[in-house]
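J.: pasted the sequence and its predicted model underneath.
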Amino acid sequence: MPSPFSLRRAGRIAGIAALLASPWWAAAQAADAWPSKPIRIIVPNPPAGPSDIAIRPIAAAVQGVLGQAVVVENKPGANGNIGAAEAARSAADGYTWLWAMDPVITVNKHIYKNIGYQSDALVPLNAAARFSQALVCNPRLGFKTVKDMIDAAKTRDLTYATGGAGSPGHLVMESLLSTAGVKMVHIPYKGPAPAMQDLMGGQVDCGFLAAPTALPQIQSGRVTALATSGRQRSALLPKLPTIAESGYPEFDGTFWLFLAAPKGVPPEIQKRFLAAMDAAIRSPEQQEKVKSVDIEMVGSSPEQAQAKARELSDKWGALARRIQLKTD
């Protein structure tokens, strides 16, 4: 018969073996070793766009802090769903993150039958930056103010261009039209560049487009700027009023850039990555670098990011239902 000492020793060994085999222990070991290989940040947009330009210096700064390569991968398509789905289906080990405009997270689930993943599989962790859209019209129309456009829309058919259904420009224009109680015909394009080309050419009347896309054409006089959509004036167009200053004081067409991750990334890994990321986001150097693309770096806690994502999902989801917006 085994002695009490032998039984106690066997029990301790069994307990240690169970601990070593537990998911908690494996996660703790993984967190201690992280990062042991390159980290990737998926951007569900083409290269050289505002969101891509904003993340690259941040990635370089995070790489310097963590001592491991941080690679930005562009995965465009399906209004951001392709890149978001790849991030959502990745292992929750801290080696894959998503950097996306808020409609990817807050709108697409309302307007697509299948986004390629369960909507709760991605967790917003930092409401990193905000940006707005510029309302521009073809000069031949003679509009100088938002009121001019709205008054004209009450008496005749007007069209507006966007970079695609469910894009920021589409959402903010429909929000304005709903607020003003008028309608315009939506003409979606495959991106802001062709939308701007037809707007300048007179094939379409107006449109909400990103300020960096619109600025050269505003400066050349090929389009007329009426307002910007956010609560604050654009740093690129400081003399241009906001929609709120143009007769709709409650209007807020601000959009956000979020950092998100697959659900289940260990807390210690989250903490380390987010600390490096947030320091880069809030740095004066980064603030200066994104002025050219009209993005304001903000930064937030995970709790704030998730609250903001819920707020935007409720807001844009209600709009999508009201205008019966479906893309497939």
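T.: Arrived safely. Keep in mind that what you see is a predicted model, and the values were worked out from it rather than measured.

J.: so who does the closest residue in space to residue 119 that isn't next to it in sequence touch?
T.: What sits nearest to residue 119 in space, not counting adjacent residues and going by Cβ to Cβ, 6 or more residues apart in numbering, is residue 109, at 4.3 Å. (Glycine included, C-beta is placed from N, CA and C.) Residues near residue 109 by Cβ atoms under 8 Å, 6 or more residues apart in numbering: 115, 119, 313.

J.: so which of the residues you listed wins on neighbours?
T.: residue 115 (23 neighbours; other Cβ atoms under 10 Å).

J.: relative to residue 75, how far out is it?
T.: 14 Å (Cβ to Cβ, to the nearest Å).

J.: quick one: the strands in the stretch 201-328 of the chain?
T.: 206-210, 224-228, 255-262, 295-297 (DSSP state E, counting those that start in this stretch).

J.: so where do the helices sit in the stretch 101-250 of the chain?
T.: 102-106, 108-111, 146-153, 168-180, 192-201, 211-220 (DSSP state H, counting those that start in this stretch).

J.: looking at those helices, which is nearest to residue 233?
T.: helix 211-220 (10.6 Å; Cβ to Cβ).

J.: show the average pLDDT along the closest one.
T.: For helix 211-220, mean pLDDT is 91.

J.: could you do stretch 179-190 as well?
T.: On average, stretch 179-190 scores 95.

J.: same check, this time on stretch 52-65
T.: 95.

J.: again, but for stretch 68-82
T.: Averaging pLDDT residue by residue across stretch 68-82 gives 95.

J.: okay, buried residues for it please.
T.: Neighbour-count burial for stretch 68-82, counted by 16 or more other Cβ atoms under 10 Å, picks out 70, 72, 75-76, 78-81.

J.: sorry, back to before: in CSV: the helices of the stretch 101-250 of the chain, plus distance to residue 56.
T.: Conversion of those to CSV gives the following (distance: least, Cβ to Cβ, whole Å):
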stretch, distance to residue 56
helix 102-106, 18
helix 108-111, 24
helix 146-153, 35
helix 168-180, 21
helix 192-201, 20
helix 211-220, 15
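
J.: I'd like to know how far the closest residue to residue 121 other than its chain neighbours sits from residue 53.
T.: Using Cβ to Cβ, 6+ apart and skipping the chain neighbours, the partner closest in space to residue 121 is residue 88 (4.1 Å). In this view, residue 88 and residue 53 are 24 Å apart by Cβ to Cβ.

J.: with residue 36 instead?
T.: 29 Å.

J.: still on that earlier bit, tell me which entries of the buried residues of stretch 68-82 lie within helices.
T.: Residues of these located in helices (DSSP state H): residue 81.

J.: model confidence for the nearest residue to residue 323 once chain neighbours are set aside, exactly?
T.: Computed as Cβ to Cβ, 6+ apart, the closest residue to residue 323 that is not its neighbour in sequence is residue 174, at 5.3 Å. At residue 174, the model reports a pLDDT of 96.

J.: and residue 174, how many neighbours?
T.: 22.

J.: could you do residue 189 as well?
T.: 20.

J.: for the chain, longest helix please?
T.: helix 302-322.

J.: quick one: that one to strand 255-262, angle?
T.: 110 degrees (axes from the mean of the first three to the mean of the last three Cα atoms, to 10 degrees).

J.: show me what the lengthiest strand in the chain is packed up against.
T.: Determined from DSSP state E, the single longest strand within the chain is strand 122-131. Contact here means 3 or more Cβ pairs under 8 Å, 6 or more residues apart in numbering; DSSP states H and E; on that basis strand 122-131 packs against helix 81-88, strand 255-262, helix 267-282, strand 295-297, helix 302-322.

J.: returning to that earlier point: could you measure the residue nearest to residue 323 against residue 135, distance?
T.: From residue 174 to residue 135 the distance is 13 Å (Cβ to Cβ).

J.: again, but for residue 125
T.: Applying Cβ to Cβ to residue 125 and residue 135 gives a distance of 32 Å.

J.: and what of residue 219?
T.: Distance, residue 219 to residue 135, by Cβ to Cβ: 16 Å.

J.: these two: who's more crowded?
T.: When residue 219 and residue 135 are compared for neighbours, residue 135 comes out ahead with 29 against 11, by other Cβ under 10 Å.

J.: didn't the more buried one look like it was pressed against residue 223?
T.: No - counting by Cβ atoms under 8 Å, residue 223 is not a contact partner of residue 135; they are 10.0 Å apart.

J.: including distance to residue 194, could the buried residues of stretch 68-82 go into JSON lines?
T.: Output for the buried residues of stretch 68-82, formatted as JSON lines (distance: Cβ to Cβ, whole Å):
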{"residue": "70", "distance to residue 194": "32"}
{"residue": "72", "distance to residue 194": "25"}
{"residue": "75", "distance to residue 194": "21"}
{"residue": "76", "distance to residue 194": "15"}
{"residue": "78", "distance to residue 194": "18"}
{"residue": "79", "distance to residue 194": "16"}
{"residue": "80", "distance to residue 194": "18"}
{"residue": "81", "distance to residue 194": "21"}
